[in-house]
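A.B. asks: Sequence first, predicted coordinates after that:
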Amino acid sequence: MKKMTGAQVRQSFLDFFAGKDHVIVPSAPLVPVGDQTLLLTNAGMNQFKNIFLSREEPRHPRVADAQKCMRVSGHLNDLEEVGRSPYHHTFFEMMGNWSFGDYYKKEVITWAWELVTQVWGMEKGRLWATIFEDDEGDLPTDEEARGHWVSETDIDPKRILPFGREDNFWSMGATGPCGPCSEIHYDRGPEYCDKQDVPGHVCSVNGDCARYLEFWNLVFIQYNRDEEGVLTELPAKHIDTGLGLERVALLAQGVRATYDSDLFTPIMDRVQEMLGHDGQTVRDQNVPYRVIADHGRAVTFLVGDGVIPGNEGRNYVLRMILRRAARFGRKLGFAEPFLGEVAEVVIDAYGGHYEDLRRRREFILNVIRQEEERFQRTLDVGLALLDEIMTNLESEEGAVIQGADAFRLYDTFGFPLDLTRDVASERGFAVDESGFQAALEEQRQRGRESQQFATVDAEDFELYARLLEDLKGSGRLGPDGVEHPYDAYVELETVVVAILRDGQLVSQASEGDEVGIVLAATPFYVESGGQVSDGGLLARYEKGKDAPCWEVEVKTMRAPVPGLLLHEGLVSRGGLRVEEPVWAMVDAARRMDIARNHTATHLLHSELRYILGEHVQQAGSLVAPDRLRFDFTHGAMLTQDEMDAVEQSVNDAILANYPLAAEHASYQDAIAAGAMALFGEKYEDEVRVIKIGVPEEPFSQELCGGTHVHQTGEIGLFRIVSEGSVGAGVRRIEAVTGRAAQQLVQQRLGVLDAASTHLGTQPEEVDRAVLRLLGDLHHRQKEISDLRRELARLEYEKLLRQVQEVDGVNVLAARVHAADVETLREMTDWLRTQLGSVVIVLGAVIGEKPSFVAAITPDLVDRGLKAGSVIKRVARVVGGGGGGRPTLAQAGGRDPRRLDEALALVPKVVRDLMGGSRDS
Ligand SMILES: [Zn+2]
Ligand SMILES: [Zn+2]
C-alpha cells in the first residue's frame, strides 16, 4: 500500500469522491445541532438523520465529508480502554460518502474498490469483503451486493464472506431506516496476530485477534422497520458509508497501533520533549502517553466546538477527559499545567483541515489552561482529604476506604477511582470498589431521571410531516422564488392552506378559537438564531368594506417540522376557511425593534472582539423587541472602563450610519473572507452573510439568517443595562436600543429632574446636593447618638440612687425603658458591676407586655437568694412566670398595668427568702 500521512488519506478520500460528483460538506459540530437526543456527534450520519427519516429534503444527492466524532457515554469505565487497546479512541474522524436516493450498491462497491486498490494501492491479496446473510433466516441474503463484488471488482470471490445481523446489518434505532451492509477488511499478516499463544486460536475475518482490521463499512439503507418489526422496502434507497481515518492511516504507515501513526505521534513527541524522556521511558510509559494523545485531541476539538468544562452532560464529559489527561500528565512527571502545549500541537496538526481550530486558537487554549489550573488546585485539596481519610482509618485492622468516600473524591474533586486506588495502595489500603460503583450507579440513575428530552410528540410529528408532504405534493405551498421572504416583505397577499385546532386539521375556524395556520407563503420570521418570532395579523378584506371579514392575531410562529411554518394565535373576529385569500401583516413596529436589536448584537460582537480581544466568541444570544442579550466567552468581569468603551464604540458605529448588506456565498468563501460563524450552528454550504460597512472592507461580517436595519443609524441609541456571569468563562451583556433605549434614558432623566426639584437644585447639581445632604445626615446622627448616651448615663445615675437596703443587702427594683429583653439584661449587667453586691430586678413594658430581668451577685446566692425564685414571685403579680440561673433570670407576664406593683414587692420577697435560708 502507498505510504500516506493521515492528512493525505483524508484529502485523497475527499478528492476521490469530489471526482465522482460528490459535494464535499464540512463536518457538523461535535455538539449536535437540533438533536436533543444525542449528547455528542458520534457518527458521520448524525447530521443527515432527518434526510433518512424523510423529514428533510437533501440539498445534494451525493455528499462526502470527514466528520469529527466522539464516543464516550460519560461512564468512567469507557475510558479505561483508551490507551490500553491499540485502536480505542474517544475522539476520531469518520470519513463518509452518501447517496440520498441517488446511486446505490453497484456504484459504491465499484468506487470503494477503486479507491482502496488503485488510489491507495492496497494489495488485493490482503483484502476481504463481507456481505449480509441472515443468521435468523428471515431476511434475504444480500445477493445483490455479492453480485456487484463479483462482477464489478476483481476481488477473489472466495474472499467474499457472509455474516449475520450482528456484523452486517445496520439500524438507526428500534424502528426506522435500516439495511444490510458490506464491510472491507485488511489482512495485516499472521505476525500481527496477538492470540498466537492461545491454544486452538484461528485467525479470521471478524475474529478476535488483531490480524484482520475492518476499516470501511458500506451501509445500504434499504428498509424501513415499523413498530411490529416488519421491514418494507424504501422507495428511495440510500448509501451511508463510514471509513475510520485512524485505521487507514495505520495501514498506510505500516504501524501496529493507531497511536503510532502521524495522527498521534506529534502530540506524544511534544510531551516527550517537554519531559525530556528517552525512548525507553516513552515505551515503558506507553499508556499515559497514549491517554494524553487521545484526550488531548478530544478536549481540543470539544472546546473548539464551544463546549466548556462543567458538571452536566457534554460539559462534564469534557471536564472528565481533561482531568484524566492532566492526572496522567502528573504521573508522567508534569508538575505544572501542560495541556495547553498539547492543544497547540493538535491545532497545528489539524487546523489545516478543521479551520475553526485555528480561528478559535486563543479561546481553546484559554479554556483548557484555566480548567487544568483549577483542577490542579482541587487535586491538592482532594489529596489532602484522602490523606485525612486514611489517617483516620490507620488504627483499624485491614481498613478499607469506603465506597462512599471514594465516590465523594470522584464526584467533588474529579478523582477517578484508579487515582484513589493508586494513592491508597501506596499506604496499604484497599478501596471498596463495589461500594463506589453502587454510589456511581445511584448518581447516574438520578441523572437519567432528571434528563428530559424535548422532542415533538411522535404522533404530532407524523401529522405535521404528512401535512407538509401533502401541501408540497399538491403544489399548494408558494413557489420558493424569494429565499428569505421575511427579509423582502412585511406584508404579503397569500392563501390559507391549512388550519389546525387542538392538534387536529380542520377546514374552518371561528371567533375565539386558538389556531395554527399554514399559509402558501409568509413574510413572518420564525424563531431562529436567537431572534424571536414575528407577531402580527392575518386578515381577509373584501372590496368596498373597511373592516376585515375575519382576523387572526398571530402571537408566535413555530416550525414543528422543517419547512412547515405555523402561525399560532387567536381568531379575534369572524370565521375563516381553508383556501381563502388572506393578507399576512407582520407587526412592523415590533419587527423594526427586533431588527435594531439584531444589528446591535452584531456591532456589540465586533466591538467586544476589538476591545477585549479575539478570544471573544459569541456563546448565545437573544434578540427580542424590548432588549437584546449577548453571551460571549471572556474570562473576567468587565471593568467600568471596558463597559464604557464598548458602549461608546457601538454608539459611534451607529452614528457612522454604516450601510448593511445581505450577501450569499459558499460557506468556505465566506469564512475565508473573514465572516464570523457561530458555535453550535449548522450551516448549509450556501450561507447568508450580513455585512456592516463598506462591502470591500466591512466593519462586521457574520453568517446570519435574521432581520436587520438598512443603515446602522436606524438603531438610534444603544445602552448597556447589565453585565454578569453565566458560567465558567462566559459573560452576558443585556442592552437596549431604539425606542427601549430612549424610554430608559427618558425615565432616568425624569427621576433626575424629580430629584433636583425635591432638592431645590439644578439637575447638574444633584450629586453634589446629595453628598451635602449625606454629610449633614451623618453629622446629625452622631449628635443623636451622643445625646442618647448622655440620657442613658442620667438614667443609670437615677437608678443608682434608688438602691435600698433590706436586712443588710443592697436591693434595686426599678422600672426602666428598654426596647427589648436584651437591653434589659445589658442594663442589669452594668448595674451589677457598679454595685458589687446586689439584688437587681428591672422591669419594662416591651411590646405591651411586662418583662423582668433579675440579677443576683454570687455572694448573695450563697446566702440563699436565687434570681429564679425572686423573679417567679414577682412575675406572678402580672400573671406570668419565668426562671433561669441563680445569678440571672428573666420573666414575662400579661398585665402591664401591675408592673409597678410587682416591682414594689421585691424588698419583701428578698426579706422572705433570706428568712427562709436562715430557717433551713
Ligand atoms: Zn490470530
Ligand atoms: Zn445575526
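C.D. replies: Received it, and whenever you're ready, just let me know what you need. Numbering: from 1, shown residues only. Ligands and ions are numbered 1, 2, ... in the order given.

A.B. asks: Quick check: Leu824 touching Leu842?
C.D. replies: Yes: applying C-beta atoms under 8 Å, one finds Leu824 in contact with Leu842, separated by 5.6 Å. Using the backbone N, CA and C atoms, a C-beta is placed for each residue, glycine as well.

A.B. asks: so what's in contact with the two at the same time?
C.D. replies: Contact criterion C-beta atoms under 8 Å, 6 or more residues apart in numbering; residues shared by Leu824 and Leu842: Val816, Ala818, Phe852, Val853.

A.B. asks: Serialize these to a markdown table and add fields for distance to His567, neighbour count and secondary structure.
C.D. replies: Listed next are these as a markdown table, based on distance: C-beta to C-beta, whole Å; neighbours: other C-beta atoms under 10 Å; DSSP: H, G, I helix; E, B strand; the rest coil:
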| residue | distance to His567 | neighbour count | secondary structure |
| --- | --- | --- | --- |
| Val816 | 75 | 18 | coil |
| Ala818 | 70 | 19 | coil |
| Phe852 | 75 | 28 | strand |
| Val853 | 74 | 28 | strand |
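
A.B. asks: From those residues, which shows the smallest pLDDT?
C.D. replies: Note: of the shared contacts of Leu824 and Leu842, the lowest pLDDT belongs to Ala818, at 84.

A.B. asks: Residues of the stretch 101-250 of the chain that sit close to ligand 1?
C.D. replies: Applying C-beta under 5 Å from the ion, we find that the stretch 101-250 of the chain lies next to ligand 1 at Cys193, Lys195, Cys203, Cys209, Arg211.

A.B. asks: Scan these and report the most crowded one.
C.D. replies: The most crowded member of these, judged by other C-beta atoms under 10 Å, is Arg211 (21 neighbours).

A.B. asks: about what we covered before: what two of the residues of the stretch 101-250 of the chain next to ligand 1 have the greatest distance between them?
C.D. replies: Largest separation among these by C-beta to C-beta: Lys195 and Arg211, giving 8.6 Å.

A.B. asks: joint contacts of the two?
C.D. replies: In contact with both Lys195 and Arg211: Cys203, using C-beta under 8 Å, 6+ apart.

A.B. asks: In space, what's closest to Asp487 - neighbours in sequence excluded?
C.D. replies: Thr707 (6.2 Å; C-beta to C-beta, 6 or more residues apart in numbering).

A.B. asks: Verify the stated contact: that neighbour with Arg591.
C.D. replies: Yes: the pair Thr707 / Arg591 is scored as a contact, 6.6 Å apart, by C-beta under 8 Å.

A.B. asks: intersection of neighbour lists for those two?
C.D. replies: Common contacts of Thr707 and Arg591 (C-beta under 8 Å, 6+ apart): Tyr525.

A.B. asks: With just CA atoms, put stretch 787-799 into PDB.
C.D. replies: C-alpha atoms of stretch 787-799 as PDB (Å, rounded to 0.1, in the frame of the first residue of the first chain):
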ATOM      1  CA  LEU A 787     -27.400  62.700  73.200                       C
ATOM      2  CA  ARG A 788     -28.700  59.100  73.700                       C
ATOM      3  CA  ARG A 789     -25.600  58.100  75.500                       C
ATOM      4  CA  GLU A 790     -25.900  61.200  77.800                       C
ATOM      5  CA  LEU A 791     -29.600  60.300  78.500                       C
ATOM      6  CA  ALA A 792     -28.600  56.700  79.400                       C
ATOM      7  CA  ARG A 793     -26.000  57.900  81.800                       C
ATOM      8  CA  LEU A 794     -28.600  60.200  83.500                       C
ATOM      9  CA  GLU A 795     -31.000  57.300  83.700                       C
ATOM     10  CA  TYR A 796     -28.400  55.000  85.300                       C
ATOM     11  CA  GLU A 797     -27.400  57.600  87.800                       C
ATOM     12  CA  LYS A 798     -31.100  57.900  88.800                       C
ATOM     13  CA  LEU A 799     -31.300  54.100  89.200                       C
END
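
A.B. asks: Taking the centroid of the chain, which residue is nearest it?
C.D. replies: Asn315 (6.6 Å; C-alpha atoms, centre = their mean).

A.B. asks: Follow the chain on from the lowest-mean-pLDDT helix or strand in the chain and name the next helix or strand.
C.D. replies: When each helix and strand of the chain is scored by mean pLDDT, DSSP states H and E, helix 76-80 comes last, with a mean of 60. Downstream of helix 76-80, the first helix or strand assigned by DSSP states H and E is strand 91-100.

A.B. asks: gap between that next one and the chain center?
C.D. replies: Distance, stretch centre to chain centre, for strand 91-100: 27 Å (C-alpha atoms, centre = their mean, to the nearest Å).

A.B. asks: buried residues in the following helix or strand past it?
C.D. replies: Of the helices and strands lying after strand 91-100 in sequence (DSSP H and E), the nearest is helix 105-113. By 16 or more other C-beta atoms under 10 Å, the buried positions in helix 105-113 come out as Lys105, Glu107, Val108, Ile109, Thr110, Trp111, Ala112, Trp113.

A.B. asks: again, but for stretch 313-331
C.D. replies: Burial within stretch 313-331, assessed by neighbour count using 16+ other C-beta under 10 Å, is assigned to 314-330.

A.B. asks: Ok, stretch 428-447 next?
C.D. replies: Residues of stretch 428-447 classed as buried by neighbour count (16+ other C-beta under 10 Å): Phe429, Val431, Asp432, Gly435, Phe436, Gln437, Ala439, Leu440.

A.B. asks: in the stretch 401-550 of the chain, which ranges drop under the pLDDT threshold?
C.D. replies: Along the stretch 401-550 of the chain, the model assigns pLDDT under 70 to residues 414, 418, 446-459, 461, 479-484.

A.B. asks: show me where it has helices.
C.D. replies: For the stretch 401-550 of the chain, applying DSSP state H, counting those that start in this stretch gives helices covering 403-413, 417-426, 433-450, 458-473, 485-488.

A.B. asks: ok, and which of these has the densest surroundings?
C.D. replies: Comparing the helices of the stretch 401-550 of the chain by mean neighbour count (mean count of other C-beta atoms under 10 Å), helix 403-413 ranks first with a mean of 19.

A.B. asks: which other residues reach that one?
C.D. replies: Contacts of helix 403-413 (C-beta under 8 Å, 6+ apart): 76, 378-379, 381-382, 385-386, 389, 415-417, 420, 431-440, 443.

A.B. asks: How about stretch 271-286?
C.D. replies: Contacts with stretch 271-286, where a contact means C-beta under 8 Å, 6+ apart, come from 83, 268, 289, 292-293, 329, 331-334, 338, 341-342.

A.B. asks: give me the residue from this protein nearest ligand 2.
C.D. replies: Cys704 (3.2 Å; C-beta to the ion).

A.B. asks: Please convert the buried residues of helix 105-113 to CSV, extending it with pLDDT.
C.D. replies: Rendered in CSV, the data for the buried residues of helix 105-113 read as follows (pLDDT from 0 to 100):
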residue, pLDDT
Lys105, 96
Glu107, 97
Val108, 97
Ile109, 97
Thr110, 97
Trp111, 98
Ala112, 98
Trp113, 98
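
A.B. asks: How about the residues of the stretch 551-700 of the chain by ligand 2?
C.D. replies: On the criterion C-beta under 5 Å from the ion, ligand 2 has no neighbours in the stretch 551-700 of the chain.

A.B. asks: which of the residues in the helix or strand harbouring Lys237 are buried?
C.D. replies: Using DSSP H and E, Lys237 sits in strand 231-244. The neighbour-count check on strand 231-244 (16+ other C-beta under 10 Å) flags Leu234, Lys237, His238, Ile239, Asp240, Thr241, Gly242, Leu243, Gly244 as buried.

A.B. asks: of the residues you listed, closest to ligand 1?
C.D. replies: Checking the buried residues of strand 231-244 against ligand 1 with C-beta to the ion, the nearest one is Gly244 at 20.2 Å.

A.B. asks: what residues are up against that closest one?
C.D. replies: Phe92, Glu93, Met94, Met95, Phe215, Trp216.
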